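# Sequence and predicted structure are below.
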Amino acid sequence: MTKGEYYKIGFLQRNSSKIFNVTVYALLIVLSSPIVLAYAWLFLRSFSTGMAHGFIPTGLTFSNWRFMWEQISGLPNVWHVTFNTFILGGSVAGVVLLVSSMSGFALSRFAFKGQGKLLLLLLMLHAFPTVSLMVAIFYILRMTHLLNSLLGVILLRASMDIPWATWIIKGFYDGIPREIEWAGAIDGYSRISIWRKVLLPMVKPGLIVIAVFEFLSGWSEFIFITTFIFSNKWWTLSQYTYTALGGYRFADYGLLTAISVWYILPVTILFIFANKYMTQMSLGGIKG
Amino acid sequence: MVEKTKLRPFNKALPWILLLPLVILVLMFYILPIVITMPLSFTSMGLSFKWLFVGLENFRNIPRDPIIPQIIGNTFIYVFFTLIVFNFGMAVLLSLLTTSISDRWGGFFRTLWMLPRITPSVVYGLLWLWIFDPSKNGLLNIILSVLGMPSQDMFHHNPMLLIVFANGFVGASMGMMVFSAAIKAIPIEYYRAAMVDGAGWFTMVRKITLPLIRWHLLFITAYETLSLFTSYQYILIITNGGPVNRTNVWALYTYQTAFSDFKFGYGAALSLVLVVVGVIAGLLYIHNIHVESTSGNALEI
């Protein structure tokens, strides 16, 4: 063996973990690059006059954001639509919080017949794809006069997420020692007052997580809006963006990206400030 | 378990009163739709919303429908390739890579891959319209021109590839998170022992990691197959099944039959398949949660 060869093997051996790390990072960066590039483009494009070579902003402009102060043909007033979106997000969060905090309490703190079966049913419903029931849901909404109404979409979206939220909040209730409840009972509280005055404040972290996630769930809802809402009086930003996408696809990226950035603003803020919670929770909330 | 009912004697009805809103919503938006879908599929219900029972007519029409063979072919291609390349393949790769580096950076890359999932679907659709933009402004064509290759019009040449990519970048994150959690639960001693024996990364992945997470691999494969089969949201936004049904799949065709052609009876018949798939997915999910809770693996990033 010559000295040179010996050195070469030694180099590889000494640096094998470094080489390995660089390879892993390089692979991850390459694989993730479409995501990074696409989101970077979205933000840059919304503020630029155009893109040289598709990716380099040519100049700063706010004219892409004209939908905020001008009428865009084919689209309703964006402020009205944004208001509807807020109502949808807020109401979905409200309904889910109310229903899941009640049912989570019942499932965690009472022993009753059918409890185990109900818990399993909720798990199963969580994994069940709602989209396969659209035809029947359309019929039910029509029967109950909830078609073309935000209330219908609010109840529907909330119902889809309640099985998940109930499981989450039940976990939080389960973590509270029973002695605390007994203490409340000795003080003369009823079960309901114990729930309201003792347990609810203690599961607040869980309620906050559900509120945030459900607001976003309502905020992002698309299929139910586009299927069950007919009048643009009740449009939300998903239908607004979808319609803009239909009218201006490949043609006016400036307008489309500006609308999109406006639409994902709350998501972005939450992603930056609470991404650890968000990713954990959204994984629980997804149906795959 | 016993003492909680004994806390107060009048509590028998109380849990059900608390559960009432949940029960009403579940009945209204899950149970009732599942029950209604069946009789609905035996009618020719259209925009008149009349229950005209036509027997097995709808089910006889499915094999006669001239688009159905193409729809079935597309569905197979869509599910198979999205699953193999992304929801399974990419998920395994990402979980192996992100658990091989520091937890901080591994978590960073996993968070990055969660981004498509929490982005509203219409905005996410726009990103892919740009990436595959047929003009030279799209990301793909920018990269191709840098490499000195001619521009591609994926929307006409290979629209299904576009759909697979768009769905895959969302779909990979579920498997990635499940596998990463499972890998992190493997005792580090196994790897230390293997390293003492001189095993390299690939050997350790093959002989330790993959065998130990095989149940998770199996679960994700089965569950993602079923959920891909029933998903159509991103296809609807990006191509709406076009051009001329080349990206149309069973779930989207069901949706279009009901809500573009307003053939609710036929739509219900088509969606019965999806309901069955959904029930299987639900049972599978329960089963897996049971396995998870007994093996003590908790999901975390």
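Nice, thanks for sending it over.

# Now A:L147: which helix or strand?
Per DSSP states H and E: A:L147 is located in neither a helix nor a strand.

# actually B:L25, not the one I wrote
Assessed by DSSP H and E, B:L25 sits inside helix B:14-26.

# List the buried residues in that helix.
Residues of helix B:14-26 classed as buried under the neighbour-count rule (16 or more other Cβ atoms under 10 Å in any protein chain shown) are B:L14, B:P15, B:L18, B:L19, B:P21, B:L22, B:L25, B:V26. Yep, even glycine has a C-beta here, placed from its N, CA and C like the rest.

# Check which element follows it along the chain.
Immediately after helix B:14-26, counting by DSSP H and E, sits helix B:32-40.

# Just the C-alpha atoms of stretch B:209-228, please, in CSV.
Output of stretch B:209-228 as CSV, limited to C-alpha atoms (Å, rounded to 0.1, in the frame of the first residue of the first chain):
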residue,chain,number,x,y,z
THR,B,209,-35.4,1.2,11.1
LEU,B,210,-37.6,-0.3,8.3
PRO,B,211,-38.4,-3.6,10.0
LEU,B,212,-39.3,-1.8,13.3
ILE,B,213,-41.7,0.7,11.6
ARG,B,214,-43.2,-1.9,9.3
TRP,B,215,-46.7,-1.6,10.8
HIS,B,216,-46.7,2.1,10.3
LEU,B,217,-45.6,1.6,6.7
LEU,B,218,-48.4,-0.8,6.2
PHE,B,219,-51.0,1.4,7.9
ILE,B,220,-50.0,4.5,5.9
THR,B,221,-50.0,2.5,2.6
ALA,B,222,-53.5,1.2,3.2
TYR,B,223,-54.9,4.4,4.7
GLU,B,224,-53.5,6.7,2.0
THR,B,225,-54.7,4.4,-0.8
LEU,B,226,-58.2,4.7,0.5
SER,B,227,-58.0,8.5,1.1
LEU,B,228,-56.4,9.2,-2.3
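
# Please enumerate residues in contact with that stretch?
Stretch B:209-228 has contacts (Cβ atoms under 8 Å, 6 or more residues apart in numbering or on different chains) with A:127, A:129, A:287-288, B:78-79, B:82-83, B:87-88, B:91-92, B:96, B:167, B:171, B:174-175, B:178-179, B:182-183, B:186, B:190, B:277-278, B:280-281, B:284-285, B:288, B:291.

# show me where pLDDT drops low in the chain?
Looking at chain A here, since you left the chain open. Across chain A, the ranges flagged by pLDDT under 70 are A:1-14, A:54, A:274-288.

# please go with chain B instead
B:1-11, B:290-301.

# how about the strands in chain A?
Using DSSP state E, the strands of chain A run over A:51-52, A:56-57.

# got a markdown table for those strands, with mean neighbour count too?
Converted to a markdown table, the strands of chain A look like this (neighbours: other Cβ atoms under 10 Å in any protein chain shown):
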| stretch | mean neighbour count |
| --- | --- |
| strand A:51-52 | 14 |
| strand A:56-57 | 12 |
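
# Ok, which of these comes nearest chain B?
Chain B lies closest to strand A:51-52 among the strands of chain A, at 6.8 Å (Cβ to the nearest Cβ).

# Indicate each strand paired with the closest one and its parallel or antiparallel sense.
With DSSP bridges as the test, strand A:51-52 is paired with strand A:56-57 (antiparallel).

# Not counting residues beside it along the chain, what's closest to A:W195?
Using Cβ to Cβ, 6 or more residues apart in numbering or on different chains and skipping the chain neighbours, the partner closest in space to A:W195 is A:F105 (5.4 Å).

# by contact count, what packs against the host helix or strand of B:A193?
Assigned by DSSP H and E, B:A193 belongs to helix B:188-196. Under the contact definition 3 or more Cβ pairs under 8 Å, 6 or more residues apart in numbering or on different chains; DSSP states H and E, helix B:188-196 sits against helix B:201-204.

# Can you give me the buried ones in the helix it packs on?
Neighbour-count burial for helix B:201-204, counted by 16+ other Cβ under 10 Å, picks out B:W201, B:M204.

# Pull the distance from the next helix or strand after that helix to the chain's centre.
For helix B:201-204, the succeeding helix or strand toward the C-terminus, using DSSP H and E, is helix B:210-212. Mean-position distance between helix B:210-212 and its chain equals 23 Å (Cα atoms, centre = their mean, to the nearest Å).

# Many thanks, I have nothing further to ask.
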